[in-house]
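# Sequence plus predicted model, see below.
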Amino acid sequence: MKKTLDLICVIMFFTIIVMFAVSTLFFGSKPVSLSLDTQKTDEALIAQFPLQRSWKTLRTTILLAAGKTEIDGSFLINEGVIKPSEPVSSKATQRLTDALNAYAAKTSGKSIFACIVPSCSGIYSADIPSVGVGFDQKHYISEAYSALDPSIATLDAYSPLYTSREDYIFMRTDSALTSRGAFDIYSSNIRKMGFSPRPFSDYDCEHAMIGYIGSLCSELSIRQRITPDNIELLIPKNGTVVTSATGWYGSSKEKHKSVYDRDALLGDKPLDVFVYGSRYKKLDISTLSRVNPRLLIVKTEHTNPIIPFILSHYSFITVIDADTAASQPLDELVSADDYDQILFLIDIDHIEELGLDEFLSVEN
């Protein structure tokens, strides 16, 4: 019976699609010329196809009604959507590890840390049929760490996330960490950087945005069988330690009093509330402390929620966005001599396109 229902749904959907495609092709406001090559014909059809968003929603609705849990390579699991991460190539991995090793060699004497953060699909791989025997992120991170020079201290983001996998550690409708997931990574690793973690009870949870629908659900036009997210900020009960935050873009700068960009909650990228997303190539953060060490962080986008928890242990922190600042060598943005520790905070989904060799001004 189920197979019959699936077949009927598929036939109905594609019949409707063909009818509209023919209508667009021959009777639209700008009929598509058959003399165009295949790619241009496809592009013209898509451009003129009526109610694209509505039809995408209809397609998704029909597939869900037929009992499908996989749509365009993403999976509906635990009232959310998980998009499996692509495996990282050996070439990209070697480029990353060679760049970090060369940078450690030229900044000898500095305390350097590396943290590779797994994606949601890496933690919940057992729940995804086509990923269960695929990209093993725990093994990948271990292998990448083994290629790093012993002078680089490695931080384990996988274990605390896996231990907390029953908690709300990843967004259900987006690829991002939640504040709770970020806290678990921080509290499990800050001791290795020389500090005792602040307990979770030291924070108040601020519900900055309720009912957030992230990019994964928006791309697939999914609203059924998912639970919208809440963007939560964990704020220290005894007040913030941040006194100022100065963001640099181009040759200009902007000054703020917080590392949370609450204006972003009103825009189309609410998750940029965490350390201003990728808005700035460099963000200088001053705290109340005058005796704690200084920290340089080189980060990628999906690690943003981790950074606010680290701030209370340092007197001054510079955050460099590896994507936004990629066109300018790190040495031109900051001097490693000005910092006591350097942390490379990299999420696994950004490794493939990450060009740290040029950014760190090292040769492969």
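Looks like it came in fine. Numbering: from 1, shown residues only.
# From now on I want contacts and neighbour counts done on CA atoms only, so please keep to that.
Will do.
# Now residue 287: phi and psi?
Backbone torsions of residue 287, given as degrees, to the nearest 10, read phi -120, psi 180.
# what's the burial count for it?
By other C-alpha atoms under 10 Å, the residues close to residue 287 number 19.
# again with residue 144
When counting by other C-alpha under 10 Å, one arrives at 15 neighbours for residue 144.
# which SS class is it?
helix (DSSP: H, G, I helix; E, B strand; the rest coil).
# Kindly report the same for residue 205.
The three-state label given to residue 205 by three-state DSSP is strand.
# doesn't residue 233 make contact with it?
Yes: the pair residue 205 and residue 233 passes the contact test of C-alpha atoms under 8 Å, sitting 5.8 Å apart.
# neighbour-wise, which of those two wins?
residue 233 (21 against 15).
# just checking, that one is part of a helix?
No: applying three-state DSSP, one finds residue 233 to be strand, outside a helix.
# Tell me the bridge partners for it.
Listed beta-bridge partners, residue 233: residue 206 (assigned using DSSP bridges).
# who touches residue 355 in this structure?
Counting by C-alpha atoms under 8 Å, 6 or more residues apart in numbering, residue 355 touches 95-96, 326.
# One more: residue 293?
The contact partners of residue 293, by C-alpha under 8 Å, 6+ apart, come to 313-316, 339-341.
# from those, which two are the most distant?
313 and 339 (13.7 Å; C-alpha to C-alpha).
# so where do the strands sit in this protein?
Using DSSP state E, the strands of the chain run over 70-71, 74-77, 80-82, 111-117, 152-156, 203-212, 229-236, 242-249, 252-256, 282-287, 294-299, 316-321, 341-347.
# Comparing the ones you listed, which stretch has the densest surroundings?
Neighbour counts (mean count of other C-alpha atoms under 10 Å) averaged over each of these peak at strand 80-82, with a mean of 26.
# Against which helices or strands is that one packed?
Contact partners of strand 80-82 among helices and strands, from 3 or more C-alpha pairs under 8 Å, 6 or more residues apart in numbering; DSSP states H and E: strand 74-77, helix 215-220.
# How far off centre is it?
Chain-centre distance of strand 80-82: 14 Å, with C-alpha atoms, centre = their mean, to the nearest Å.
# so what strands line up beside that strand?
When DSSP bridges is applied, strand 80-82 pairs with strand 74-77 (antiparallel).
# follow-up on the earlier one: more crowded one of residue 313 and residue 339?
In terms of neighbours (other C-alpha under 10 Å), residue 313 is the more surrounded of residue 313 and residue 339; the figures are 23 against 17.
# roughly how far apart are that one and residue 234?
From residue 313 across to residue 234, the span is 16 Å (C-alpha to C-alpha, to the nearest Å).
# May I have the residues that are in contact with residue 207?
Contacts of residue 207 were listed using C-alpha under 8 Å, 6+ apart, and they are 230-233.
# Mind putting those residues into TSV with pLDDT?
Output for these, formatted as TSV (pLDDT from 0 to 100):
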residue	pLDDT
230	96
231	98
232	98
233	98
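# for these, which one is nearest residue 101?
Of all the contacts of residue 207, residue 101 sits closest to residue 233, with 34.8 Å by C-alpha to C-alpha.
# mind listing what that closest one touches?
Applying C-alpha under 8 Å, 6+ apart to residue 233 gives the contacts 179, 205-208.
# Format the strands of the chain as JSON lines; extra columns: distance to residue 196.
Formatted as JSON lines, these follow (distance: least, C-alpha to C-alpha, whole Å):
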{"stretch": "strand 70-71", "distance to residue 196": "43"}
{"stretch": "strand 74-77", "distance to residue 196": "36"}
{"stretch": "strand 80-82", "distance to residue 196": "33"}
{"stretch": "strand 111-117", "distance to residue 196": "17"}
{"stretch": "strand 152-156", "distance to residue 196": "15"}
{"stretch": "strand 203-212", "distance to residue 196": "15"}
{"stretch": "strand 229-236", "distance to residue 196": "15"}
{"stretch": "strand 242-249", "distance to residue 196": "19"}
{"stretch": "strand 252-256", "distance to residue 196": "28"}
{"stretch": "strand 282-287", "distance to residue 196": "18"}
{"stretch": "strand 294-299", "distance to residue 196": "16"}
{"stretch": "strand 316-321", "distance to residue 196": "18"}
{"stretch": "strand 341-347", "distance to residue 196": "16"}
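# Thanks a lot, catch you later.
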